[in-house]
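>>> Sequence first, then the predicted structure, then my questions.
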Amino acid sequence: MGQKLKIAGWISVGVFAGALTTVSLQTVARGTVTPLPLEEIQQLSAVFGLIKTDYVEPVDDKKLITDAIAGMVSSLDPHSQYFDKKTFKEFREGTTGKFVGVGIEITQEDGLIKIVSPIEGSPAYRAGLKTNDLITKIDDTAVRGLTLNEAVKRMRGEPSTKVLLTIFRKDENRTFPVTITREEIKTQSVKGKVIEPGYAWIRLSQFQERTVDDFVRKVEEIYQQEPKLKGLVLDLRNDPGGLLDAAVAISAAFLPENVTVVSTNGQLADSKATYKATPSFYTRRGQGDPLKRLPAALKSVPLVVLVNEGSASASEIVAGALQDHQRATLMGSQTFGKGSVQTVRPLGPDTGIKITTARYYTPSGRSIQAKGIVPDVMVDETAEGDVYAVLRTREADLEKHLGTGQGQEQLSPEQDKAREEAREEARKRLEEEIKKNPAGRKLPEFGTDKDFQLTQALHRLKGEPVQVSKTLTERKEEKKEE
């Protein structure tokens, strides 16, 4: 998640060049002077020199230095990252919810690219592409053999440029070419609808710059259709996070004014902060409070929040705040546990680093990092259970992950072995099921009448019995062996 604590500050990169020629070494960052370790810098200089003179073929100076920076940053934790010109641009696109392309949500099927949905109003939508269409070629390149990311990169490009897609439409049994002109696409991070009289569902798929405005519009639509709303389901499943101010705003939409939403703590003074449910913590410069338009009833409408292992960072902040203030019932499975703040520091006009600067804490002081948020009611993905949950990766499974900062850290060798054995058993069960059903077990789309967890959330809002999980258990914090 690209968390935005404060996107500010410049860090000198001239130090690397200086390291090769001088013994008076220091870095200047954020107004402080930090001495550099002379012996290690001399080793870096020696390695640089050996590569330049001894490597089998010439290596570009700039590549060596940028790779050294990237390695230094990525060695810290899974979320710190060096941005070159290309990745910095992609990162900015991800937080704004804007990119240049054709405007389709896609997945992979049988080695081809399958259109999940054309984005309404996009070039692909206007060109008549449909859900379940298969893309077989992008320009002159066959799709089979490309990864999903490679296919996405080929379809994206500069505004007003053209891309030729070859489409196979199953239900018409025909293949045809479509030339589409790329343009800026604005993604929708908010979906919602009235599910049945008196009850509504709103899903946030990511926290982007547009999320709060889109959320307000969706709530307005729902209340226009259903003025006497009896209950609301806020769906944060598989929401990987995004911008901190958006998470604070969504929390503030449901909470009393001025209560604590989240706090952060790190080495820097501005990393020690408390964010409250008040406009000064989420409004952007020159803009008014977007939450003013919300109906007052939203502050008290009965609320269920759905979360799962894919709910991370900003979505965990919202879930933790609503749980600690007893504003909502949390249902689903334990969240990812990504409770660290990443701050973007520019290194130049088009490069920078994303570096972990703090940990998040819920209003009651719980660390989210490597622990996550435990729902009030554990609910499986399907009526048949949630037997493959052990296969899913969470923050605590990532190499070099930060601990909670509250005394619990990594798995012991015995715990690690037990978990791997459980995963191996689950893998075998999955393989057996695939043999019986080659198409695989597919979960129903969120928000449909086949969405088991949503059905259980509605039962909760209505005071009806809920089918509680028989397989899910809280994943405890593990103490590090001394």
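On my side now, so go ahead. In this text, all values refer to a predicted model and were calculated from it rather than measured experimentally. Numbering: from 1, shown residues only.
>>> Mind jotting down where the helices sit in the stretch 101-250 of the chain?
Along the stretch 101-250 of the chain, the stretches classed as helices by DSSP state H, counting those that start in this stretch are 123-126, 148-155, 211-225, 244-254.
>>> Adding mean neighbour count, mean pLDDT and distance to Gly348, write the ones you listed out as a markdown table.
Quick note: C-beta positions are derived from backbone N, CA and C, even for glycine. Compiled in a markdown table, the helices of the stretch 101-250 of the chain are given as follows (neighbours: other Cβ atoms under 10 Å; pLDDT from 0 to 100; distance: least, Cβ to Cβ, whole Å):
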| stretch | mean neighbour count | mean pLDDT | distance to Gly348 |
| --- | --- | --- | --- |
| helix 123-126 | 19 | 90 | 33 |
| helix 148-155 | 15 | 84 | 24 |
| helix 211-225 | 18 | 97 | 29 |
| helix 244-254 | 26 | 96 | 24 |
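>>> Those helices: which one's closest to Lys191?
With Cβ to Cβ as the measure, helix 211-225 is the member of the helices of the stretch 101-250 of the chain nearest Lys191 (7.5 Å).
>>> Output the closest one as PDB, restricted to C-alpha atoms.
Taking Å, rounded to 0.1, in the frame of the first residue of the first chain, the C-alpha atoms of helix 211-225 are listed here in PDB:
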ATOM      1  CA  THR A 211     -12.600   7.200  -3.000                       C
ATOM      2  CA  VAL A 212     -14.200   9.600  -0.500                       C
ATOM      3  CA  ASP A 213     -16.100  11.600  -3.100                       C
ATOM      4  CA  ASP A 214     -17.200   8.400  -4.800                       C
ATOM      5  CA  PHE A 215     -18.300   7.000  -1.400                       C
ATOM      6  CA  VAL A 216     -20.400  10.100  -0.600                       C
ATOM      7  CA  ARG A 217     -22.100  10.000  -4.000                       C
ATOM      8  CA  LYS A 218     -22.900   6.300  -3.500                       C
ATOM      9  CA  VAL A 219     -24.300   6.800   0.000                       C
ATOM     10  CA  GLU A 220     -26.500   9.700  -1.400                       C
ATOM     11  CA  GLU A 221     -27.800   7.400  -4.200                       C
ATOM     12  CA  ILE A 222     -28.700   4.600  -1.700                       C
ATOM     13  CA  TYR A 223     -30.500   7.000   0.700                       C
ATOM     14  CA  GLN A 224     -32.500   8.500  -2.200                       C
ATOM     15  CA  GLN A 225     -33.600   5.000  -3.100                       C
END
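>>> picking up where we left off before, which one of the helices of the stretch 101-250 of the chain lies nearest to Glu384?
Closest to Glu384 of those is helix 148-155 (Cβ to Cβ; 28.2 Å).
>>> Distance from the chain centre to that closest one, please.
19 Å (Cα atoms, centre = their mean, to the nearest Å).
>>> and that helix, what other elements does it pack with?
For helix 148-155, the packing partners by 3 or more Cβ pairs under 8 Å, 6 or more residues apart in numbering; DSSP states H and E come out as strand 104-109, strand 134-138, strand 162-169.
>>> at 7 Å instead, please
Helix 148-155 sits against strand 134-138, with contacts defined as 3 or more Cβ pairs under 7 Å, 6 or more residues apart in numbering; DSSP states H and E.
>>> residues making contact with the strand it packs on?
Applying Cβ atoms under 7 Å, 6 or more residues apart in numbering, the contact partners of strand 134-138 are 109, 112-114, 143, 151, 154-155, 163, 165-168, 170, 175.
>>> Okay, angle between it and strand 162-169 too, please.
150 degrees (axes from the mean of the first three to the mean of the last three Cα atoms, to 10 degrees).
>>> Having no further points to raise, I will conclude here.
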